[in-house]
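J.: One predicted model, sequence on top.
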Amino acid sequence: MPTTTGVQADVLASTLRILRDKEVDNTFKIIPLLDAIERGGNVETVDGGSYIDSPVILTDHSTITQLSSGYEAVSLAVKDPMRTASYSWCDATAPVVITRKEELSNKGERAIVRIAEARLKQTMGMFKREIEKQLIAGSSTILTDLQTLNGLDGATGWFEEGAFGSQANTVGGIDKSSFTTSWQNQVQDGAFSANGLKKMQSLLIDCQQFAPEGDVDLILASPTSYGLYKDQLQQLERYVSATEERNMAGRLALQFNGAAMFIEPNLGFTGSGGSNKMSMYFLNTKLFNCYFDRDAKFELGDMESISGYAAMSAQIAVRMQICTSNLSGHGILVNAES
């Protein structure tokens, strides 16, 4: 049986890589969280390794001694303020497949490339949806090694509904209960109808007090809480063109105190305990990093024949993880769905 020549396969693989690079950019544009991290210059590529180590400062190094007379003994009590948050990689792959029958039915390199392009876009879209699902809600059944922001009702993610200072999850291998003012997220709880704007303002102020750098610049809201916020604004609402925010499909984004606010369809979920709903994430993207292995940043492999089948395939390889250098500069609004 005739098969695709090595030259044809090389041409197809090369063309797919060009399309892959374009599609990766599009993927970031339609994920508000990852787009904001990229816009802040916090997408990094590194060389392999078993873990990602992220140094964080969680306590003070020394104490201050006032010199009233000049003869006071200076306290030399010091401690190491640095800790290392460690995160394991999330590795994933998905194939792009073209059958020999499809080649024969669509002769010509461009015709074959169009089929491959459609398959590539669908596969990248699938990756995008699964990554977003895990990051926001921790509900992916596939990318379970990827970190999640959801720590609601006993989930093991970053942000918990417990009061600031009383949270107990472990993030990056560091116990939140050991650092009650630096490794804990901010929280506001309650129905939006009961002073929703005031709670958002309080949450923003709390985040600003504890953020070592930057401010809350990204708010992700459930469709319901976004609608309630919009209704509260009435004629006072102000829009910012999303073209200023990496040209996100030309959409308009509401703002809250200068932070761009986007609808996140994966929010509004109920925690596993059934008593709380996650309504909004208040995020400081300066405190995020998204890491990729430089050899697996949506890297498309070579087109190869599939043994036993009249088809060829290429694997898209992804090795990534998100990390944070600080938790107290982020916050959540819980149960604001009414």
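T.: Sure, I can see it. Residues are numbered from 1 along each chain as shown.
J.: low-confidence ranges in this structure?
T.: Scanning the chain for pLDDT under 70 picks out 1-31, 59, 61, 79-82, 106-113, 234-253.
J.: Mind listing residues that contact the helix or strand containing Gln209?
T.: In the assignment (DSSP states H and E), Gln209 maps to helix 196-210. Applying CB atoms under 8 Å, 6 or more residues apart in numbering, the contact partners of helix 196-210 are 164, 181-182, 186-190, 192, 215-216, 225, 228-229, 232, 256-257, 259, 280, 282, 284, 326, 328-333, 336. In this view, the C-beta of every residue, glycine as well, is placed from N, C-alpha and C.
J.: Restricting to C-alpha, output the helix or strand following that helix in PDB.
T.: Once helix 196-210 ends, the next helix or strand along the chain (criterion: DSSP H and E) is strand 218-221. Extracted as PDB, the C-alpha positions of strand 218-221 are listed here (Å, rounded to 0.1, in the frame of the first residue of the first chain):
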ATOM      1  CA  LEU A 218      -7.500  40.500  37.300                       C
ATOM      2  CA  ILE A 219     -11.000  39.500  38.600                       C
ATOM      3  CA  LEU A 220     -12.600  36.400  37.400                       C
ATOM      4  CA  ALA A 221     -16.300  36.200  38.100                       C
END
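J.: chain center to the following helix or strand past strand 218-221, what's the gap?
T.: The helix or strand immediately downstream of strand 218-221 is helix 223-233, counting by DSSP H and E. Helix 223-233 has its C-alpha centroid displaced from the chain centroid by 23 Å (CA atoms, centre = their mean, to the nearest Å).
J.: mind saving the C-alpha coords of the helix or strand where Met278 lies as PDB?
T.: Using DSSP H and E, Met278 maps to strand 278-283. The C-alpha coordinates for strand 278-283 follow below in PDB (Å, rounded to 0.1, in the frame of the first residue of the first chain):
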ATOM      1  CA  MET A 278     -16.900  30.000  44.500                       C
ATOM      2  CA  SER A 279     -18.000  33.300  42.900                       C
ATOM      3  CA  MET A 280     -15.000  35.500  42.200                       C
ATOM      4  CA  TYR A 281     -11.200  35.300  42.200                       C
ATOM      5  CA  PHE A 282      -9.300  38.500  42.900                       C
ATOM      6  CA  LEU A 283      -5.800  37.900  41.400                       C
END
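J.: just to revisit the earlier point, which parts of the helix holding Gln209 count as buried, going by neighbours?
T.: 196, 199-200, 203-204, 206-208, 210 (16 or more other CB atoms under 10 Å).
J.: Okay, angle between it and helix 223-233 too, please.
T.: If you take axes from the mean of the first three to the mean of the last three CA atoms, to 10 degrees, helix 196-210 sits at 100 degrees to helix 223-233.
J.: Tell me how far helix 196-210 lies from the chain's centre.
T.: Relative to its parent chain, helix 196-210 has a centroid offset of 22 Å by CA atoms, centre = their mean.
J.: Check stretch 270-286 too.
T.: Mean-position distance between stretch 270-286 and its chain equals 14 Å (CA atoms, centre = their mean).
J.: Can you list the buried residues in it?
T.: Neighbour-count burial for stretch 270-286 flags 271, 276-286 (criterion: 16+ other CB under 10 Å).
J.: As CSV, the residues you listed with distance to Tyr87 would be great.
T.: Shown next, in CSV, are the buried residues of stretch 270-286 (distance: CB to CB, whole Å):
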residue, distance to Tyr87
Gly271, 23
Asn276, 26
Lys277, 27
Met278, 22
Ser279, 26
Met280, 25
Tyr281, 19
Phe282, 22
Leu283, 18
Asn284, 18
Thr285, 18
Lys286, 18
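J.: Looks like Ile306 contacts Met312 (just checking).
T.: Yes: with contact defined as CB atoms under 8 Å, Ile306 reaches Met312; the gap is 6.4 Å.
J.: who touches Gln315 in this structure?
T.: 93-96, 300-301.
J.: Please apply the same query to Glu72.
T.: If you count contacts by CB under 8 Å, 6+ apart, Glu72 has them with 65-66.
J.: Name the SS class of it, please.
T.: Classification of Glu72 by DSSP: H, G, I helix; E, B strand; the rest coil places it in coil.
J.: Next: Val187.
T.: Following three-state DSSP, we place Val187 in the strand state.
J.: For Asp53, name its beta-bridge partners.
T.: The partner list for Asp53 in beta bridges (DSSP bridges) reads Ser86.
J.: Same check on Leu300?
T.: According to DSSP bridges, beta-bridge pairing links Leu300 with Ile316.
J.: Next one: it from Ala317, what distance?
T.: Applying CB to CB, to the nearest Å, the value for Leu300 to Ala317 is 8 Å.
J.: overlap in contacts of Ile306 and Met312?
T.: Common contact partners of Ile306 and Met312 (CB under 8 Å, 6+ apart): Val97.
J.: Compare the two (neighbour count), which wins?
T.: Taking neighbours as other CB atoms under 10 Å, Ile306 and Met312 compare with Met312 leading, 23 against 12.
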